[in-house]
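> give me a 3D structure for the following:
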Amino acid sequence: MGAQDSREISDQGKGPGHVAIIMDGNGRWAQARGKPRLFGHHAGAKRVREIVEACPDLGVKYLTIFAFSTENWKRTQAEVSGLMLLFRRYIQKEARDLFERGVRVRFIGDRIKLDSKLVDLMDELELMTSENDRVHLTIALNYGGRDEVARAARRLAHDVALGHILPQEVNEETLPKYLDTYVLPDPDLVIRTSGEARISNFLLWQSAYAEYEFIDTLWPDFSSEIFAGIINNFGKRTRRFGAVAI
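Next up, the predicted model:
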């Protein structure tokens, strides 16, 4: 029996405290309008603000968004460079508003390949918002679930080699302490926009017991009203965590 199986079955009507979103469809949205793909990414960035602002009223304390994956480096150099510039501008433009709205921002993913100026801005935003607690916004940037688990396993193996932890103490309670998300609760709900029904290497460990919602809406069209509808529908689900409803 898995460790999660001993959890109590969640009551219906309870909303998700942590929502993770795979923001997909920016490029297709732009191409459908005869625009370059970066036009869609800019539209998608604006949508993030609306969804973050909607979280408190919907009871969503934690929001994690997939901004750039470890696989996205395979895109054209022009698109990658444009995205990196967009990330820098987004932080510079939104930092003050995020702070004033009580949003705490964290970034997960491997920062080694990222531009040093971008990393500096990420560090500054994390520090600026470190005392906020109204909404916890986590941005996955140069992130991949397999890469995260591999990095965690390396750190864990290092501690085992140093004798800080015994091999027999390594279990499914130990490894999460080495993940990028170690300070966050696991997501209750994972949403993917654009009609694709796959998780694309996102939060592989953390979302083992999450509910999933795959919708056709492209990310730039994903409104707070659509978000609210999904959150409300979530309350109709019964989460068993491997147990049996009585």
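> could you check how far the residue nearest to the spatial centre of the chain is from residue 33?
Closest residue to the average C-alpha location of the chain: residue 64 at 2.8 Å, with CA atoms, centre = their mean. Residue 64 sits 28 Å away from residue 33, going by CB to CB, to the nearest Å. Glycine gets a C-beta too; all of them are placed from N, C-alpha and C.
> and the gap between the residue nearest to the centre of the chain and residue 164?
Residue 64 sits at a distance of 29 Å from residue 164 (criterion: CB to CB).
> ditto for residue 128
Note on residue 128: its distance to residue 164, by CB to CB, is 32 Å.
> more neighbours: which of those two?
residue 128 (15 against 10; other CB atoms under 10 Å).
> that one against residue 92, yeah?
No. With contacts counted by CB atoms under 8 Å, residue 128 stays clear of residue 92, the gap being 11.9 Å.
> where does this structure dip in pLDDT?
In the predicted model of the chain, residues 1-13, 238-246 satisfy pLDDT under 70.
> could you pull out the helices for it?
Using DSSP state H, the helices of the chain run over 26-31, 37-58, 77-100, 116-128, 145-161, 224-234.
> convert the C-alpha atoms of stretch 26-44 to CSV, please.
The C-alpha trace of stretch 26-44 is given here as CSV (Å, rounded to 0.1, in the frame of the first residue of the first chain):
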residue,chain,number,x,y,z
ASN,A,26,0.4,30.7,-27.2
GLY,A,27,2.1,30.0,-30.6
ARG,A,28,-1.0,28.5,-32.2
TRP,A,29,-3.1,31.4,-30.9
ALA,A,30,-0.8,33.9,-32.6
GLN,A,31,-0.5,31.9,-35.8
ALA,A,32,-4.3,31.7,-36.1
ARG,A,33,-4.2,35.5,-36.2
GLY,A,34,-1.4,35.8,-38.7
LYS,A,35,1.1,36.9,-36.1
PRO,A,36,4.5,35.6,-35.0
ARG,A,37,4.6,33.1,-32.2
LEU,A,38,6.2,35.7,-29.8
PHE,A,39,3.0,37.8,-30.2
GLY,A,40,1.2,34.9,-28.5
HIS,A,41,3.7,34.6,-25.7
HIS,A,42,3.2,38.3,-24.9
ALA,A,43,-0.5,37.8,-24.8
GLY,A,44,-0.1,34.8,-22.6
